[in-house]
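>>> Below are the sequence and a predicted model for it; my questions follow.
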Amino acid sequence: MELNDMAGNPLTVPEPIAACARHLAEQEADPLAAFIYDLDALETHIQWLRSHLPDGVDLFYAIKANSEPAVLRTLAPWVDGFDVSSGGEIQKLLQHDITQPFVFSGPGKLDSDFRLALEAGVEQIHLESHVEIQRLNAIAAETGRRQRVLIRVNPTLPDALSTKLAMAGQPTPFGLDERQLTDAVIQVDESEYLELCGFHVHAMSHQTDVYRHLGLLDGLLDKWPIWRALAEEPAKVTQLNVGGGMGVNYQGIDQFDWPTLCWHLARRLAWLPEPPRIRFEPGRFITAYCGYYVMQIIDLKHNHGEDFAVCRGGTHHFRLPAAQSHSHPVVHLPKHACEGEARPLTVVGQLCTPKDVLARGVPMVNPQRGDLLVLPMAGAYGYNISHADFLCHPRPIQQFIRPGAHRVNDTLALEAV
């Protein structure tokens, strides 16, 4: 299977990743399970994303995709801020001296989360319900200062804009029904300690079709002047946060066309008489390509007509394939040169469940115990959404590398967590 990265280059295992994987395997007494993150590649990718960003558009990073400190530190100079969705994520920024602006979004916020966000100087809070409006106003009153807020809207959307993982346009726990928006704007305007500065819509996730995404953005920009006019002081309402949702194609060649989206958005904003300041908050789209999950083959077996590679690790480390219901790409790194015809194998982990499957039909030439398997595009929604304590297996190694840095005795310099 041929895959491409965001820039259209064939997706393979770079030699620094392969070298790091082999180095780690040599150091371990047991077979290897590890995540390797290429921070140079992450930095190059975020610079590429920014290079296409139009004027009047901000790029925040949703840290729910991957909140490892090394990832946050690498992104910090290149993003306009961070999106957090819990008190724990706020603490993660504070603990690691991440000083860029942050916004607080997501349903089910606790009073303690609101207080922590206010104490930490949150830039904006995205409010999901009438109850949250009331609660935040009361908590902000304790500080004696007004807090800037956005109202999260669940708008009416055409069926053509539905996606694999929809957050809006249908009944969901996210945001306020667009039919309730007038009342919500009035409620915020009447709240002494809240200041409405815009609206937030995160309608879809894992959207790989740029033209469907453009349809969403065009629809939101059509709604913008109508929503803005609901406010008591429309001139203060300047922000339209359109979330993230740009997807990663784990199983094919074509990737989301970011340059086209940015080009179209620049033209559309130029046509509007009073355009909003747009804010993107992607997560997966930023970090997916920098990560690799490495498994070492423990056992090879034939069962009811199917060949299996049983590997160290599994979906308790890398839950993404099971969560996305897809067969993840796998690259075979044999210990020794292999010859012969490839045969398809199903790649599984160590768990006592038939759902511990990471890939099916992976072609391998003469696989052996001890060979390494590398799963690329593992930098987002992999380890951080996984049930790592299931069966009490050891947690995977997490290794962060900068291939452009110096080498020591011909071994890639490594930065451990």
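That came through, no problem. Residues are numbered from 1 along each chain as shown.
>>> who does the longest strand along the chain pair up with?
Ordering each strand of the chain by length in residues (DSSP state E) puts strand 291-303 first. Paired with strand 291-303 in the same sheet, following DSSP bridges, are strand 33-38 (antiparallel), strand 306-311 (antiparallel), strand 372-375 (antiparallel).
>>> closest to I186 out of those?
Proximity to I186 (Cβ to Cβ) singles out strand 33-38 among the strands paired with strand 291-303, at 46.6 Å. In short, each C-beta sits where N, CA and C put it, glycine included.
>>> what's downstream of the closest one, the next helix or strand?
Counting by DSSP states H and E, the element after strand 33-38 in chain order, helix or strand, is helix 39-51.
>>> Just want the angle from that next one to strand 291-303.
Note on geometry: by axes from the mean of the first three to the mean of the last three Cα atoms, to 10 degrees, helix 39-51 and strand 291-303 are set 120 degrees apart in direction.
>>> now the next helix or strand along the chain from helix 39-51 against helix 39-51, angle please.
Next in sequence after helix 39-51, counting helices and strands by DSSP H and E, comes strand 57-62. Comparing the axes of strand 57-62 and helix 39-51 via the same axes, to 10 degrees yields an angle of 150 degrees.
>>> Excluding sequence neighbours, find me the nearest residue to D38.
Nearest non-adjacent residue to D38, counting by Cβ to Cβ, 6 or more residues apart in numbering: C290, 5.1 Å away.
>>> Format the strands paired with strand 291-303 as TSV; extra columns: mean neighbour count.
Conversion of the strands paired with strand 291-303 to TSV gives the following (neighbours: other Cβ atoms under 10 Å):
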stretch	mean neighbour count
strand 33-38	24
strand 306-311	18
strand 372-375	24
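>>> Switch those over to TSV; also include distance to S327 and mean pLDDT.
Formatted as TSV, the strands paired with strand 291-303 follow (distance: least, Cβ to Cβ, whole Å; pLDDT from 0 to 100):
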stretch	distance to S327	mean pLDDT
strand 33-38	19	98
strand 306-311	13	96
strand 372-375	11	97
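>>> quick one on the thing from earlier: buried residues, the longest strand of the chain. List them.
For strand 291-303, burial by neighbour count (16 or more other Cβ atoms under 10 Å) applies to 291-298.
>>> for these, which one is nearest Q95?
In terms of Cβ to Cβ, no member of these lies closer to Q95 than G291, at 21.6 Å.
>>> How about the contacts made by the closest one?
With contact set as Cβ atoms under 8 Å, 6 or more residues apart in numbering, G291 has these partners: 35-38, 66, 376-380, 382.
>>> Tell me the bridge partners for it.
Bridge pairing for G291 - DSSP bridges - gives Y37.
>>> count of residues packed around A266?
15 (other Cβ atoms under 10 Å).
>>> pLDDT value on it, please?
Per-residue confidence at A266 stands at 97 (pLDDT).
>>> Likewise for H387?
Per-residue confidence at H387 stands at 89 (pLDDT).
>>> cool, Y250 as well?
At Y250, pLDDT is 90.
>>> now swap in the one 10 residues further on and tell me
You'll see T260 listed with a pLDDT of 97.
>>> Tell me how far R319 lies from N384.
R319 is 9 Å from N384, where distance means Cβ to Cβ, to the nearest Å.
>>> ok, those two, which is more surrounded?
The neighbour count for R319 versus N384, taken as other Cβ under 10 Å, is higher for R319 (21 against 14).
>>> right, and the more buried one touches S386 too?
Yes. Contact between R319 and S386 holds when scored by Cβ atoms under 8 Å: they sit 4.0 Å apart.
>>> Sketch out the helices for the stretch 251-400 of the chain, chain order is fine.
Under the criterion DSSP state H, counting those that start in this stretch, the stretch 251-400 of the chain carries helices at the ranges 258-271, 284-287, 320-324.
>>> if you compare those helices, which one is most tucked away?
Scoring the helices of the stretch 251-400 of the chain by mean neighbour count under mean count of other Cβ atoms under 10 Å gives helix 284-287 as the most buried, with a mean of 27.
>>> by contact count, what packs against it?
Helix 284-287 sits against helix 39-51, with contacts defined as 3 or more Cβ pairs under 8 Å, 6 or more residues apart in numbering; DSSP states H and E.
>>> Next up, the contacts around the residue nearest to D38.
Taking Cβ under 8 Å, 6+ apart as the test, what C290 contacts is 37-39, 41-42, 45, 71, 379.
>>> pLDDT below threshold where in the stretch 301-417 of the chain?
Counting by pLDDT under 70, the stretch 301-417 of the chain contains low-confidence ranges at 405-417.
>>> Strands along that one, start to end?
Ranges of strands in the stretch 301-417 of the chain, per DSSP state E, counting those that start in this stretch, are 306-311, 331-333, 342-348, 357-365, 372-375, 397-401, 407-408, 411-412, 414-416.
>>> and H130, which of those strands is closest to it?
Among the strands of the stretch 301-417 of the chain, the nearest to H130 by Cβ to Cβ is strand 397-401 (41.4 Å).
>>> pull the CA atoms of stretch 286-301 into PDB?
Provided in PDB are the C-alpha atoms of stretch 286-301 (Å, rounded to 0.1, in the frame of the first residue of the first chain):
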ATOM      1  CA  ILE A 286      -1.000  18.700  13.200                       C
ATOM      2  CA  THR A 287       0.600  15.700  15.000                       C
ATOM      3  CA  ALA A 288      -0.400  12.500  13.300                       C
ATOM      4  CA  TYR A 289       2.500  12.400  10.900                       C
ATOM      5  CA  CYS A 290       5.300  12.800  13.400                       C
ATOM      6  CA  GLY A 291       4.600   9.600  15.300                       C
ATOM      7  CA  TYR A 292       5.400   5.900  14.800                       C
ATOM      8  CA  TYR A 293       4.300   2.900  16.900                       C
ATOM      9  CA  VAL A 294       6.900   0.100  16.900                       C
ATOM     10  CA  MET A 295       6.000  -3.500  17.700                       C
ATOM     11  CA  GLN A 296       8.300  -6.500  17.800                       C
ATOM     12  CA  ILE A 297       7.000  -9.900  16.600                       C
ATOM     13  CA  ILE A 298       6.700 -12.400  19.500                       C
ATOM     14  CA  ASP A 299       4.900 -15.300  17.700                       C
ATOM     15  CA  LEU A 300       3.800 -16.400  14.200                       C
ATOM     16  CA  LYS A 301       0.800 -18.700  13.800                       C
END
